[in-house]
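Asks: Fold the stuff below for me.
(one chain, ligands or ions: 2)
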Amino acid sequence: MIEVVKREKLTEADKAHAEKLIDELRNENPELAVMIEAQIKQDFTSVYTAELVCMPNEAWTKGHKRHSKYPDLGDHTVVDSLIQLFVEISRMDDSHTLGLDPVSVLKVPGNTMSKHVFQVVSSSKEGLENIINSEKTRMFKGYHLTFFQPLNSKYGFRFQLNIQGLPLPFSKWTLSQWIECVQSQGLDMSAVTHIMIGKKITLGKAARLTGLLDIYVKPAAMAETGCTGALSDAGTALERITKKITFPPTNILLGRNPESMSQDLIDSGLLKGQYYSPAYNPAANALPGIPEYERGKTYSRPIIPIAMCKYCLGEPHGSRELCMYRDICRMCLVHLPSLQNKGFKHSCHNLIVEDMSKPPLLDIERKRAYDAGTPENETQAAYIPSEGFKKQKTALEAAQAAIKARKAAELEHQILIERQHREAQAEALAQQEQLLMRSNPTEGSDPEDHNTTPQESPPTSPHREAYMDLETQKLLEYEDDI
Ligand SMILES: [Zn+2]
Ligand SMILES: [Zn+2]
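Replies: Ligands and ions are numbered 1, 2, ... in the order given. Got it, this is the predicted structure:
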C-alpha cells in the first residue's frame with residue numbers, strides 16, 4: 001500500500017508574513033497587491049504526490065530489429081497518453097488537476113530505452129489513490145510502472161520557473177533557449193542535474209505544458225543554504241546577517257533592463273532575453289520578435305524553490321518559526337521592505353537594484369556595514385563551477401560594484417544638497433525674521449509664528465526630484481509587467 005503524501009507549500013508563519021506584505025502593498029500599489037495575492041493563494045493549495053518509476057521492458061535491446069518503433073517516455077506525446085490513462089482511472093471530476101512532473105531519466109544498461117521517474121501530482125487524494133491501486137496502471141506500452149512514496153530529501157533541490165503568459169518571442173522559446181537564458185542569468189548548468197518543461201492535464205482538456213520550467217540542482221552546489229551560520233557577531237550589538245546565499249539566482253528577468261551598465265554584459269553574451277534601453281526611449285533596442293506594444297516592458301519571474309524554505313533554501317521551518325532571510329534578498333542581503341514596491345522588482349544579479357523608498361539618511365552608517373563584501377567560500381562546494389559561470393560572476397560583480405559606487409556617490413550628493421538646502425532655509429528664515437523684527441516689531445515678537453515655518457515645509461521629497469540624475473529617475477520609472 002503506497003501512501004499518498006500531502007505537500008504543504010507554505011507554513012502558517014509564511015502565510016501570515018505574506019498577508020502582511022500584501023496589506024502593506026494594498027495602499028502603495030493596489031494592482032500589484034491583487035496580483036501577488038492571487039499568486040500566493042495558489043501556493044496555499046495543497047497537492048498530493050506519489051513517485052512513479054517507469055522501467056522499460058527488458059526486450060527493448062538494440063539487437064531487436066524493431067526497437068526504434070517502441071514508444072519512448074522521453075517523447076512528450078507518449079507522456080501525454082500516460083497522463084490520459086491516469087485521468088481515466090482516477091475518476092476525478094473536472095475541478096481537479098493531475099500532472100506528471102519529471103524527476104529523472106536514467107540509462108538502463110543493455111536497453112535502448114531509459115528509466116523514467118516522475119512525480120505524480122494531483123489536487124485529489126482519492127484520484128491519486130485510484131491510480132496507484134488500479135490493476136491497469138501496472139504496465140504502460142511495455143514499461144513496468146511502480147509507485148513509491150516520495151521522499152522529501154529527493155525533491156529537496158527542485159526549483160520551478162513560471163514561464164506562462166509571456167509575450168513573443170519568449171512564449172515560443174524552446175527548452176534550449178530557456179536553458180541558454182537561465183544560464184546567462186547566473187544558473188550555472190554544471191550545477192543542474194535535470195531541466196525540463198513540465199506537463200499537466202485538466203480533465204476534459206487536452207494535455208498541455210504546465211508553463212513551468214522544472215530545474216533540479218545538485219545538492220553540492222547548494223552547500224551554503226539555510227539559516228545556519230547566517231549571523232556574524234551573533235548575540236552582540238553588531239549582530240547582522242552576513243552569509244549570502246547566491247545560488248541559484250532568485251529570479252529571471254526578461255525584456256527591458258533599465259540599467260545602463262547592463263549593456264556591457266548583454267554585449268558579452270550575458271543576460272539573454274534582455275535589452276538595455278534608456279528611460280527617454282524605453283522601446284529602443286527591443287529584441288527582435290517582441291510585439292510593438294510589449295516593447296519597453298520588463299518581466300521578472302521568480303525561481304521558486306519546491307519543498308524548501310523559499311527565503312533561505314534550507315529545510316522548511318516550523319509553522320511558528322520565521323526565516324531570518326524573509327525580509328532580505330538572500331543574494332545581496334539588501335532589506336527588501338525598504339525598497340520600492342517592497343523589493344518585488346529587485347533583481348541584483350541582473351543589476352536591478354532599486355533606490356530606497358524612504359530616504360535612509362539615518363541608516364547610512366549601518367547600511368555600509370551591511371554591504372561589506374563577504375568573499376564566497378567555494379571550497380565548501382564539491383561542485384566545480386563552470387568557467388563560463390566564473391567569468392560571468394566576475395563581470396557581474398564588477399558591474400554591481402560600479403552601480404554601488406555610483407549609488408553611494410548619489411546618496412552623498414543628495415545628503416550634501418539636503419544639508420545645503422536646510423542651511424539655506426535656516427539662513428533665509430533668520431533674515432526674514434530680522435526683517436520682520438525691523439518692519440513690524442509687535443507681530444515679530446511672537447517667535448512661534450516663525451519657528452513653525454521650516455517644520456511645515458516638506459523635508460526633501462519635492463526637491464529630490466530636481467537633482468536626481470537620469471539613472472536614478474530611470475530606475476524609479478521602471479515598469480514591471482507580469
Ligand atoms: Zn528559511
Ligand atoms: Zn539582491
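Asks: hey, where'd the helices end up in this structure?
Replies: 12-28, 30-44, 76-90, 125-133, 175-184, 262-267, 364-371, 387-439, 441-444, 448-456, 461-467, 470-477 (DSSP state H).
Asks: And those helices, which one averages the lowest pLDDT?
Replies: Ranked by mean pLDDT, those end with helix 364-371 at the bottom, a mean of 34.
Asks: tell me the contacts of the spatially most central residue of the chain?
Replies: The residue lying closest to the centre of the chain (CA atoms, centre = their mean) is residue 302, at 2.4 Å. With CB atoms under 8 Å, 6 or more residues apart in numbering as the criterion, the residues that contact residue 302 are 161, 162, 250, 251. No exception for glycine: its C-beta is placed from N, CA and C like everyone else's.
Asks: Same check on residue 188?
Replies: 221, 247, 385, 386, 388, 389.
Asks: Weed out the non-buried ones from those.
Replies: The neighbour count (16 or more other CB atoms under 10 Å) marks 221, 247, 385, 389 as buried among the contacts of residue 188.
Asks: filter these down to the ones close to ligand 2.
Replies: Among these, no residue sits close to ligand 2 (CB under 5 Å from the ion).
Asks: And these, which is closest to residue 283?
Replies: If you rank the buried ones among the contacts of residue 188 by distance to residue 283 using CB to CB, residue 389 comes first, at 31.9 Å.
Asks: The closest one reaches residue 190, doesn't it?
Replies: Yes - between residue 389 and residue 190 a contact is recorded at 7.1 Å, counting by CB atoms under 8 Å.
Asks: related to what we said a few turns ago, so what's the residue nearest to the centre of the chain bridging to?
Replies: Per DSSP bridges, the residues bridged to residue 302 are residue 251.
Asks: distance of it from residue 329?
Replies: Using CB to CB, to the nearest Å, residue 302 is found at 12 Å from residue 329.
Asks: Mutual contacts of these two, please.
Replies: residue 250.
Asks: from the contacts of residue 302, which has minimum pLDDT?
Replies: Lowest pLDDT among the contacts of residue 302: residue 162, 87.
Asks: what about that residue, how many neighbours?
Replies: By the measure other CB atoms under 10 Å, the count of residues near residue 162 is 17.
Asks: pretty sure it contacts residue 303?
Replies: No - in this structure residue 162 lies outside contact range of residue 303 using CB under 8 Å: 9.3 Å.
Asks: separation between the closest residue to residue 119 other than its chain neighbours and residue 117?
Replies: Using CB to CB, 6 or more residues apart in numbering and skipping the chain neighbours, the partner closest in space to residue 119 is residue 101 (4.5 Å). With distances taken as CB to CB, residue 101 is found 10 Å from residue 117.
Asks: ok, now residue 182?
Replies: 22 Å.
Asks: same question, residue 231
Replies: Distance from residue 231 to residue 117, by CB to CB: 38 Å.
Asks: Look at the two and report which has more neighbours.
Replies: residue 117 (22 against 16).
Asks: Identify the residues contacting the more buried one.
Replies: 51, 52, 53, 54, 102, 103, 104, 105, 106.
Asks: what are the phi and psi values for whichever residue of the stretch 151-300 of the chain sits closest to ligand 1?
Replies: Ranked by CB to the ion, the top residue of the stretch 151-300 of the chain for proximity to ligand 1 is residue 227, at 5.4 Å. Dihedral pair for residue 227: phi -80, psi -20, per degrees, to the nearest 10.
Asks: What about it, how many residues nearby?
Replies: 21.
Asks: any idea how far the residue nearest to residue 141 when sequence neighbours are not counted is from residue 143?
Replies: Of all residues not flanking residue 141 in the chain, residue 71 sits nearest, at 4.4 Å (CB to CB, 6+ apart). The gap separating residue 71 from residue 143 is 8 Å, by CB to CB.
Asks: Which one's more surrounded, these two?
Replies: Legend: neighbour count by other CB under 10 Å for residue 71 and residue 143, higher for residue 143 (23 against 16).
Asks: Residue 59 is in contact with that one, correct?
Replies: No - counting by CB under 8 Å, residue 143 does not reach residue 59; the two are 11.8 Å apart.
Asks: Now do the shared contacts for the two.
Replies: Joint contacts of residue 143 and residue 59 (CB under 8 Å, 6+ apart) do not exist.
Asks: Once you drop chain neighbours, what's closest to whatever residue of the stretch 151-300 of the chain ends up closest to ligand 2?
Replies: Nearest residue of the stretch 151-300 of the chain to ligand 2: residue 250, at 7.0 Å (CB to the ion). Among residues not flanking residue 250 along the chain, residue 331 sits closest, at 5.9 Å (CB to CB, 6+ apart).
Asks: how many other residues sit next to that neighbour?
Replies: For residue 331, the count of nearby residues is 19 (other CB under 10 Å).
Asks: One more: residue 92?
Replies: 21.
Asks: what residues go with each domain of the protein?
Replies: The record's domain parsing of the chain by automatic domain parsing lists 5-148, 157-403.
Asks: Reformat those domains into JSON lines and put distance to residue 417 next to each item.
Replies: Converted to JSON lines, the domains of the chain look like this (distance: least, CB to CB, whole Å):
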{"stretch": "domain 5-148", "distance to residue 417": "26"}
{"stretch": "domain 157-403", "distance to residue 417": "12"}
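Asks: what about residue 284, how many neighbours?
Replies: 13.
Asks: so how far is residue 212 from the residue nearest to the centre of the chain?
Replies: Taking CB to CB as the criterion, residue 302 is separated from residue 212 by 12 Å.
Asks: overlap in contacts of those two?
Replies: In contact with both residue 302 and residue 212: 161, 162, using CB under 8 Å, 6+ apart.
Asks: got the buried residues for stretch 84-98?
Replies: 85, 86, 87, 89, 90, 92, 96, 97, 98.
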